[in-house]
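Enquirer: no letters, just coordinates:
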Ligand SMILES: [Zn+2]
């Protein structure tokens, strides 16, 4: 049964507040203030997961966000479930449920563990090499890979929580509230600067605040107590905003940072209701001080990944902060003084330390003397060559290191233990610094990368700047702060510091073994199971760039981005390749520093707020009349109006027939409308449209085609001359904003001499289009005063008139080929006019139709839809619209491109009509068009762009683009489908009323 | 995300702006006089250098005005901003 390893009370833990939680279904207890990791360790549980590739048992390794192994799924099978959460960061609360990931059926018996025995078959690049061949096997491999791999399960139901975004502007942002961050915050805030201090942990003070050793003193107090007083002081400063549980995810240019603030994750589920769970802070800081500290390095030796092997600093944190012993028989492996700090801390608490194995031969250290005084054996110049214990470490084997550190010599010594602390020195946490565009330099003495060149108003201070000892921090930080913040003095200018730590270190990236490397499992990346052997293999196979080695071996590509092992990977590469460390650079650290939830990123933009949408003034009428809607740009457009359980096809057939036989009504309000005024308005239109505009009389309308400078069709629409120097242009619904932008661009940058002003009036006017042989009768009742005779009001003209007292513009234009009118009226009156048309139209079976019917009706007439029948590779000539391209005009946008060698080719794709041999067969839009199915490979000639069943022609009709189609009139082509081929004949794209008789009917 | 100093509005977030490609490429006054190659030069050829680049930007979600910017593409430092039609203040 499990033991209680809570050995000491801690002021950071509330032992009067017991908390129960479940791990893998079993109930345990911890205390308020515990993390899931500390509570599990207190219950003597180390084994929490399985590794990704070999499914090796893995335990808690660290005490922070760098944790590679102890990643768990929270609240499995609930709507709040979350995968890939680090047990070292989860604060426990009543009712917490966590479970292991990446193991099936259970963490103690894992089928994937067989991979561990097969590991000689799973070398670096295994996935690339094996599953690439034969390609057709991929489908089979995928099933097994997905089942046995995968990190956690994503939720399947909507997230019940609320998320927010908050913008913060401040003078100084300080990232990290360890000792140097606290010093910075106080200095900045006391000098009147608006200061923000963030830290990912629930309490301030980093690793110093629980330091209570006689060996580390500031102003004659132990450093922890000293810092605590500082923390209490800064909490009282008004202009200092402190955010705990806040992790900076990204540091972008111009001091723009993104951080996630956790507000409820530490609360029991029932207390989270109606509270914001997480906030995405969007911080713009004039100055940024990065004080992110450092991460302890592990050491690379055979079987260095067993449960019970932790970073030495993590063991110290669990003991000092949480009062938890990670083991009852502790051994340390180190190459520097840090492990001694931990050992002394354990000794003080009565936790047994068995031995310290130190790579260093000669050690001058007060900490060492203290340890030896307590009769603890120190093996100097030794290393660990192997460990034992499948689900938890139970034995280590040591050997003496050779003088050069490349080999082990002598005989093996075996020691039993239940916990091994490792310390390979410290790596400054420069992740955010490099994200911001900063450049690093390599410091030879202790083999670390430190900031060198900053890209913005920022500095790094403390351990992340390479000040890895208390002495260096206390001595250097005030100097940096004074210069950076432009202040004369700080509270820390005359602080006295005492430290017993010695800086000496013996750095060996890959510790030697008595076995050949091929027989060892020395893990560099724990989460992705990349070993030293894999890295060497990658180098042997010719990879040189660190970025390539990383991808090939997957080192550093886990959810932890290899925070622990990246430096070792670099070290092993440079040792093997015989190059200098620092020459390879590092791999790129990409945001986010720790994973973000989608909820945080999206904030409140979910559900109906996910994207803005625009509604026409008749939207509610459409809804009441059961319209189905489609999205066009940001608009919701009525698509069709099903009646009596009609499906879409049936509704569209009925609507299309009604529009041609009597009357149809369409809400065309979404069309873009640009008001154009100025003495050069006509000249401007001449330059932007392909056809001529100068001679268009006031009161007349004209269809125009707009090209890009490359000659390809960009937009189209009808423009009306309202006055001598006044036009109104309509654009496609989706193209409105881009057209306005493009026209503005030309006016401002190419033709600033033109006197022209553009104003978008899309939202100001609504447009009601009434068409069909009875449209004239309806309009004559809606506007009795208007003379609708062809003489007074011919096709392609407009009238200013009134409906009741309301001014409106009526155009007689047609996109259906029917006699039709477009009423443009101030938007807020539009619905009443629409309803009036419906009322008056009743006698004529006026039928509202949606975009689908509009598309069908215009296809019968062979009118194009830009964006459906064109795709930015079609010239007007390709569209068989030569008639609209002015030969007389000297220039217009895109003109020169119409006779480039490529655009004059005969075999370009050209728009044609297509008729199926079987008139009831409807083609699929997007289907490929070919001439010969026996050729291999089949030559694709083009594709179908529009296809409908025409109720008015009683046959299927389609438009398509076909290579050289212009000269194929009457030719038979083939549409190959999955189960059949369809025979079609190339036809004129105008299927109905080629003489345009219906316009004046 | 940059902070861009719109010559008409002042400092604003980059998200209010739209980049418009290389600056100081004038549309030929007489396109019909150009050979295919000359026209293609205007139409397609754009510099994409690591370092100092002259660019057009539009304050699309603001005053809608176009202006020019000199930017170091290697670190996104904005060296200068000036109005359309003005000469670049730096080389
Ligand atoms: Zn502006």
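Expert: Noted; the coordinates are in hand. All values reported here derive from a predicted model rather than from experimental measurement. Numbering: from 1, shown residues only, chains lettered A, B, ... in the order given.
Enquirer: most distant residue from the middle of chain A?
Expert: residue A:791 (61.1 Å; CA atoms, centre = their mean).
Enquirer: ok but that one is inside a strand, no?
Expert: No: the assignment for residue A:791, made by DSSP: H, G, I helix; E, B strand; the rest coil, is coil rather than a strand.
Enquirer: three-state assignment of whichever residue of the stretch 601-750 of chain A sits closest to the ion?
Expert: Minimum separation of the stretch 601-750 of chain A from the ion (CB to the ion) falls at residue A:748, amounting to 12.1 Å. The C-beta positions use only the backbone N, C-alpha and C, and glycine is treated the same way. What three-state DSSP gives for residue A:748 is helix.
Enquirer: wait, it touches residue B:66, no?
Expert: Yes: contact criterion CB atoms under 8 Å: residue A:748 and residue B:66 qualify, at 4.7 Å.
Enquirer: overlap in contacts of these two?
Expert: Taking CB atoms under 8 Å, 6 or more residues apart in numbering or on different chains as the criterion, residue A:748 and residue B:66 both touch residue B:84.
Enquirer: those two: which is more packed in?
Expert: Neighbour count, other CB atoms under 10 Å in any protein chain shown: between residue A:748 and residue B:66, residue B:66 has more, with 21 against 18.
Enquirer: got a pLDDT number for residue A:142?
Expert: Looking at residue A:142, its pLDDT is 57.
Enquirer: contact partners of stretch A:570-583?
Expert: With contact meaning CB under 8 Å, 6+ apart, stretch A:570-583 is reached by A:300, A:441-442, A:444, A:447, A:449, A:507, A:509-510, A:524, A:532, A:535-536, A:539, A:544, A:546, A:549, A:584, A:586.
Enquirer: gap between the two ends of that stretch?
Expert: 10 Å (CA to CA, to the nearest Å).
Enquirer: and it, which residues are buried?
Expert: Residues A:570, A:571, A:572, A:573, A:574, A:576, A:581, A:582 are the ones in stretch A:570-583 that count as buried (16 or more other CB atoms under 10 Å in any protein chain shown).
Enquirer: my read is the first one is in a helix, agree?
Expert: By that I understand residue A:570. Yes: applying three-state DSSP, one finds residue A:570 inside a helix.
Enquirer: which residue is the nearest non-sequential neighbour of residue A:939?
Expert: Among residues not flanking residue A:939 along the chain, residue A:930 sits closest, at 6.3 Å (CB to CB, 6 or more residues apart in numbering or on different chains).
Enquirer: average pLDDT for stretch A:753-764?
Expert: 97.
Enquirer: how near is the residue of chain A found nearest chain B to residue A:903?
Expert: Using CB to the nearest CB, the single residue of chain A nearest to chain B is residue A:896, 3.7 Å away. From residue A:896 across to residue A:903, the span is 10 Å (CB to CB, to the nearest Å).
Enquirer: any common contacting residues for those two?
Expert: With CB under 8 Å, 6+ apart as the test, residue A:896 and residue A:903 both reach residue A:711.
Enquirer: show me what contacts the closest residue to chain A within chain B?
Expert: Closest residue of chain B to chain A, CB to the nearest CB: residue B:31 (3.7 Å). Listed by CB under 8 Å, 6+ apart, the contact set of residue B:31 reads A:891, A:895, A:896, B:39.
Enquirer: try residue A:614
Expert: A:633, A:634, A:635, A:636, A:670, A:763.
Enquirer: name the residues linked to it by a beta bridge.
Expert: Bridge pairing for residue A:614 (DSSP bridges) gives the partners residue A:635.
Enquirer: if I look at it, what pLDDT would I see?
Expert: Looking at residue A:614, the pLDDT reads 95.
Enquirer: repeat that for the one 5 residues further on.
Expert: Per-residue pLDDT puts residue A:619 at 98.
Enquirer: who's in contact with it?
Expert: Contacts of residue A:619 by CB under 8 Å, 6+ apart are residue A:636.
Enquirer: now it. Its backbone dihedrals?
Expert: The phi/psi pair for residue A:619 (degrees, to the nearest 10) reads phi -60, psi -50.
Enquirer: before we move on, the earlier item: among the contacts of residue B:31, name the buried ones.
Expert: Buried, going by 16+ other CB under 10 Å: A:895, A:896, B:39, out of those.
Enquirer: skipping adjacent residues, who's closest to the first one in space?
Expert: Computed as CB to CB, 6+ apart, the closest residue to residue A:895 that is not its neighbour in sequence is residue B:31, at 6.7 Å.
Enquirer: all set now, cheers.
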